[in-house]
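Undergrad: Next come a sequence and a model predicted from it.
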Amino acid sequence: MFEMLRNAFRIKDIRKKILFTFAMLVIVRLGSQLPIPGVNTQYFTELFAAQTGDAFNFFDAFTGGSFEKMSIFALNISPYITSSIIMQLLTIAIPKLEEMQKEGEDGRKKIATITRFVTVGLALLESIFMTIGFGNDGLITNMTIFNVVTVVATLTAGSAFLMWIGERITENGVGNGISIVLMINILSGIPSDITSLFEMFVKGKTVAKGTLAGLIILAVIVVTVVLVILLNDAERRIPVQYAKKMQGRKMVGGQSTHIPLKVNTAGVIPVIFASSLMSMPSIIAAFMGKSNGTGIGSQIMKAMSQNNWFNFKEPVYTLGFLLYMLMIVFFAYFYTSITFNPIEVADNMKKQGGFIPGIRPGKPTQEYLNKILNYIIFLGAVGLLIVVTIPIFFNGAFGAYVSFGGTSIIIVVGVVLETLKQIESLMLVRNYKGFLSD
């Protein structure tokens, strides 16, 4: 990997792309430290400290701490991620959008434009609700119309600007712009998390206990990263054979290929969906000022909070983890079903004269693909559950709360691997161009 990066820096065009990406990320982190005028920057820090659950911790980890600081990038790229997911779902439900997607590059550009407008709309709505919901409670130091408009405009503009940065990285940088912005946000919280773990389990302990604790922490992180890498790269390759046919005076076809079905087809989407829905009751309760009650509703919210799972002193709250498991499995199947269509794949293979050895074209191929897909989706969902459960378990059992949980590690490792592949492909394209020019 390091050798590839060293070679990439020797190539002027690729070096420019890497440096441009780095410069954009510096802007992202600088903007995450700039506070919004007229806002109490300690408001959410105090609110988080008073929370018994993790109402906003999941969201704050994705914004690189800018939400807690209430900076100009407080909303970050969350509205863009939400709008992208909404557009993917609508593409299945609305025939017009489905037609656009099938139009190729032009259709994808149209969908991207719609996604931008939806992003700005969502950012505006979130800004309004957050400003009004928390403004009277102390978020805004002087609750005037001018200050409210300023906060709403700043939050909306900050989210739109980050979306623009992500697109610039995709076009002029190393690609995967939005994902890279999300990754740098997550990575920004790791130093403080490592410090917290050190102070909690290593500092002040005997040499033997401190060393053992450090080795266990390191082993857990390494094992989790390795599992994510294996889960990210694992795929089932279904062989496809194309029959020979006459075109003019030549016999064409007859080649063999394969359909790569990734074990973790849905990626981190099931975990994001499940975590978001589990956090929703706590967020609503925080808006209503009823986050620390003692009634049955409060007990249910505690059961839905990851901070209370696997706590041996209060094991009843771990029941919420069972719901979390079911939701991840459900969303793994649901999201894969809208991104991979066995009927369409089987029809395209039949039209092109392709077939899976031992399987007849048409409906038998579709049924075979469905069978294989259901099997690997289940394996992928189980893999996701293992990865996300490891940090949740150590958090509940030992109080080792960190922001870089299973979800964050899946995102970071996936983005790093994709970015390295992108840089490698840029180097290959340049080598091919150089060969052809010679």
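TA: Received, thanks. Numbers count the residues shown, from 1 in each chain.
Undergrad: For residue 32, grab phi and psi.
TA: The phi and psi values for residue 32, taken as degrees, to the nearest 10, are phi -70, psi -10.
Undergrad: Okay, the residue nearest to it when sequence neighbours are not counted and residue 34: tell me how far apart.
TA: Closest residue to residue 32 in three dimensions, ignoring its sequence neighbours and counting by C-beta to C-beta, 6 or more residues apart in numbering: residue 66, at 3.8 Å. In short, each C-beta sits where N, CA and C put it, glycine included. As defined by C-beta to C-beta, to the nearest Å, residue 66 lies at a distance of 9 Å from residue 34.
Undergrad: Where does pLDDT dip in the stretch 251-400 of the chain?
TA: When residues are selected by pLDDT under 70, those of the stretch 251-400 of the chain lie in 251-254, 283-295, 297-298, 400.
Undergrad: In it, mark out all the strands, start to finish.
TA: For the stretch 251-400 of the chain, the strands defined by DSSP state E, counting those that start in this stretch occupy 256-262, 354-355.
Undergrad: The residue nearest to residue 32 contacts residue 74, correct?
TA: Yes. Assessed by C-beta atoms under 8 Å, residue 66 is found in contact with residue 74 at 5.4 Å.
Undergrad: so which of the strands of the stretch 251-400 of the chain is the most packed in?
TA: Between the strands of the stretch 251-400 of the chain, strand 354-355 has the highest mean count of neighbours, a mean of 20, where neighbours are mean count of other C-beta atoms under 10 Å.
Undergrad: That strand packs against which elements?
TA: Helices and strands touching strand 354-355, as assessed by 3 or more C-beta pairs under 8 Å, 6 or more residues apart in numbering; DSSP states H and E, comprise strand 235-242.
Undergrad: I'd like the strands of the stretch 251-400 of the chain as TSV, with distance to residue 280 appended.
TA: Listed next are the strands of the stretch 251-400 of the chain as TSV, based on distance: least, C-beta to C-beta, whole Å:
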stretch	distance to residue 280
strand 256-262	29
strand 354-355	45
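Undergrad: closest one to residue 224 among those strands?
TA: Closest approach to residue 224 among the strands of the stretch 251-400 of the chain is made by strand 256-262 (19.3 Å; C-beta to C-beta).
Undergrad: Tell me what angle the closest one forms with strand 235-242.
TA: Orientation note: strand 256-262 sits at an angle of 150 degrees relative to strand 235-242 (axes from the mean of the first three to the mean of the last three C-alpha atoms, to 10 degrees).
Undergrad: what number of residues lie near residue 238?
TA: Close neighbours of residue 238, defined as other C-beta atoms under 10 Å, add up to 19.
Undergrad: Tell me the bridge partners for it.
TA: Taking DSSP bridges, one obtains residue 259 as the residues bridged to residue 238.
Undergrad: what's it in contact with, if anything?
TA: Taking C-beta atoms under 8 Å, 6 or more residues apart in numbering, we find residue 238 in contact with 258, 259, 261, 356, 369, 372.
Undergrad: could I get the residues you listed as TSV with distance to residue 328?
TA: Converted to TSV, those look like this (distance: C-beta to C-beta, whole Å):
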residue	distance to residue 328
258	28
259	25
261	19
356	30
369	23
372	21
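Undergrad: all helices of the stretch 301-438 of the chain, in order?
TA: Assignment of helices within the stretch 301-438 of the chain using DSSP state H, counting those that start in this stretch yields the ranges 319-339, 342-351, 363-398, 406-437.
Undergrad: Columns distance to residue 85 and mean neighbour count on top of those, output as CSV?
TA: Formatted as CSV, the helices of the stretch 301-438 of the chain follow (distance: least, C-beta to C-beta, whole Å; neighbours: other C-beta atoms under 10 Å):
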stretch, distance to residue 85, mean neighbour count
helix 319-339, 9, 18
helix 342-351, 21, 15
helix 363-398, 17, 18
helix 406-437, 14, 16
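Undergrad: do you know which of those lies nearest residue 197?
TA: Comparing the helices of the stretch 301-438 of the chain by C-beta to C-beta, helix 363-398 comes nearest, at 9.7 Å.
Undergrad: Could you list every helix and strand that the closest one packs against?
TA: Here helix 363-398 touches helix 207-233, strand 235-242, strand 256-262, helix 269-288, helix 319-339, helix 342-351, helix 406-437, going by 3+ C-beta pairs under 8 Å, 6+ apart.
Undergrad: Touching, residue 243 and residue 353? I think so.
TA: Yes. In this structure, residue 243 is within contact of residue 353 by C-beta under 8 Å, at 4.5 Å.
Undergrad: higher neighbour count, these two?
TA: Taking other C-beta under 10 Å, residue 243 and residue 353 do not tie; residue 353 has more neighbours (15 against 11).
Undergrad: I'd like the average pLDDT over the host helix or strand of residue 81.
TA: In this structure, residue 81 sits in helix 78-93 according to DSSP states H and E. In this model, helix 78-93 has an average pLDDT of 81.
Undergrad: who has more neighbours, residue 66 and residue 34?
TA: The neighbour count for residue 66 versus residue 34, taken as other C-beta under 10 Å, is higher for residue 66 (26 against 14).
Undergrad: thinking again about what came up before, closest one of the contacts of residue 238 to residue 209?
TA: Checking the contacts of residue 238 against residue 209 by C-beta to C-beta gives residue 261 as the nearest, at 46.4 Å.
Undergrad: List the contacts of the closest one.
TA: Under the contact definition (C-beta under 8 Å, 6+ apart), the residues listed for residue 261 are 235, 236, 237, 238, 340, 372, 373, 376.
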